[in-house]
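>>> how would this look folded up:
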Amino acid sequence: MGSEPHAPRSTPRAFFLVGPTASGKSGVAQYIAEQSGQMIVSADSMNLYRGMDIGTAKPTASEREKADYAGFDLADPTEKFSVAAWLEAVKPAFQSGREIIVAGGTGLYVKCLTEGFDDVPPENTELREELESLEFSELESRAKSEAADLYEQLTVDDQNNPRRLIRILERTAGILPATGQAGSLRYGGSWNSKPKPRLTGLYVEREILVQRIEKRVEQMYASDLLDEAKGLIGLDLSPTALQAIGYAEAFAVLKNEITMAEAKERTVIRTRQLAKRQMTWFRNQLNIEWIDTAQFNTIEKLADAVQSKWKQTGPTKVQI
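Residues are numbered from 1 along each chain as shown. So this is what the prediction gives:
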């Protein structure tokens, strides 16, 4: 695919590869980029923090030597970083004339790239970060007390969906526009009704995904996650960085609040919950053609399948 002509600079385009955490998208993107010379733009909201490498599964130094990346190490973990700031940071990559692979699991980043940012409703970052840091039981309790009317309108499935509970709390706080019924709460206005381009995603059976998550957590601790966390624990971290999956648990170990075994278990549980939320977002917000990774026993064959999908759909226009 590296031999195809570059898209005009005035209408940047990219090939997208999405999926939940631990689905293998980063490895596939790395393999394709090494073969084709394409640049990888990371659409991962945690990869943007400098000094948070092990717990966010960033590419290794060796991998970065073999492929060009954008979207990493954009801010200190003490800084708050918005979607708009991320879009501005990766804009030069799309204006470079290079062929781009966008790989990541942060659905909002992908949606803003493919459908535009201007219509995103105003966001109260502090409230969002506060709500996202809550355990489900706490989030459910707040939704029942602070947004009781909207909570009662939700389906049972939506009442068990933390993203829906966050939406009704934000709507009650005046952050989201009062459009539609509570059960259909998503980002409102014209944004949600825009045409959705066909993107490519990696699907992994739940049991296999859980195994991969457990293996990743073990690797994080074997790669000295606790040492990395020691360098962060004394900083005035942003709420997002402070609650980052893996790091919050590592901080608790360093403070002797929990054991390493408990930290690993909690990290696995939170990562599984994240993967479930990511899949819910992808299915509701994006138009994705899924590739079942179980059908391919090597990364080479999976990469071939991804590139075949890309050839069918062509690169996606980027709204940046």
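>>> okay, Gly183: pLDDT?
The score at Gly183 is 35. That number is its pLDDT.
>>> ok, now which ones touch Asp68?
Counting by C-beta atoms under 8 Å, 6 or more residues apart in numbering, Asp68 touches Ala33, Met39, Ile40, Arg98. To be clear about C-beta, it is placed using only N, CA and C from the backbone, and glycine gets the same treatment.
>>> Need the nearest residue in space to Asn287, chain neighbours excluded.
Setting aside the residues directly before and after it, Asn287 is nearest to Lys196 in space (C-beta to C-beta, 6 or more residues apart in numbering), at 3.8 Å.
>>> on that earlier part again, going by neighbour count, which of the contacts of Asp68 comes out on top?
Going through the contacts of Asp68 with other C-beta atoms under 10 Å as the criterion, the one with the most neighbours is Ile40, at 27 neighbours.
>>> part of a strand, is that one?
Yes: using DSSP: H, G, I helix; E, B strand; the rest coil, the assignment for Ile40 is a strand.
>>> From Val102, how far out is it?
The spacing between Ile40 and Val102, counted by C-beta to C-beta, to the nearest Å, is 8 Å.
>>> and Glu289, what are its bridge partners?
Per DSSP bridges, residues listed as beta-bridge partners of Glu289: Thr200.
>>> And it, how far from Thr240?
Computed with C-beta to C-beta, the distance linking Glu289 and Thr240 is 31 Å.
>>> Pick out whichever of the two has more residues nearby.
The neighbour count for Glu289 versus Thr240, taken as other C-beta under 10 Å, is higher for Thr240 (20 against 12).
>>> Helix or strand for Trp86, just tell me which one.
helix 83-94 (DSSP states H and E).
>>> average model confidence for that helix?
93.
>>> Show me what that helix is packed against.
For helix 83-94, the helices and strands in contact under the criterion 3 or more C-beta pairs under 8 Å, 6 or more residues apart in numbering; DSSP states H and E are strand 39-42, strand 69-70, helix 107-115.
>>> Give me the buried positions along it.
By neighbour count, with 16 or more other C-beta atoms under 10 Å as the criterion, the buried positions of helix 83-94 are Val83, Trp86, Leu87, Ala89, Val90, Ala93, Phe94.
>>> Kindly indicate which of those lies nearest Pro162.
Each of the buried residues of helix 83-94 was checked against Pro162 using C-beta to C-beta; the closest is Val83, at 19.2 Å.
>>> Domain map for this structure?
As given by automatic domain parsing, the domain ranges for the chain are 13-119+192-317, 125-186.
>>> Out of the helices and strands in the chain, which is least certain?
Across the helices and strands of the chain, the lowest-confidence element by mean pLDDT, DSSP states H and E is helix 125-132, at a mean of 70.
>>> and the longest helix for the chain?
helix 260-285 (DSSP state H).
>>> show me where the stretch 1-150 of the chain has helices.
25-36, 61-66, 83-94, 107-115, 125-132, 136-146, 148-153 (DSSP state H, counting those that start in this stretch).
>>> Need the winner for burial among those helices.
Greatest average neighbour count among the helices of the stretch 1-150 of the chain goes to helix 107-115 (a mean of 23), per mean count of other C-beta atoms under 10 Å.
>>> low pLDDT regions in the chain?
Counting by pLDDT under 70, the chain has low-confidence residues at 1-10, 118-126, 129, 172-194.
>>> let's see 80
In the prediction, the chain carries residues with pLDDT under 80 at positions 1-10, 117-130, 132-134, 146-147, 149, 170-195, 284.
>>> List phi and psi for the most centrally placed residue in it.
Of all residues in the chain, the one closest to the mean position by C-alpha atoms, centre = their mean is Thr106, 2.1 Å from it. The main-chain torsion angles of Thr106 are listed as degrees, to the nearest 10 and equal phi -90, psi 100.
>>> and it, what does it touch?
Under the criterion of C-beta under 8 Å, 6+ apart, the neighbours of Thr106 are Ala43, Asp44, Ser45.
>>> Top of those by number of neighbours, please.
Ranked by the number of neighbours (other C-beta under 10 Å), the contacts of Thr106 place Ala43 first, at 26 neighbours.
>>> Contact partners for the spatially closest residue to that one that is not a sequence neighbour?
The shortest distance from Ala43 to any residue that is not its chain neighbour, by C-beta to C-beta, 6+ apart, is 2.9 Å, and that residue is Gly104. With contact set as C-beta under 8 Å, 6+ apart, Gly104 has these partners: Val18, Lys25, Ser42, Ala43, Asp44, Asn47, Gly71, Val110.
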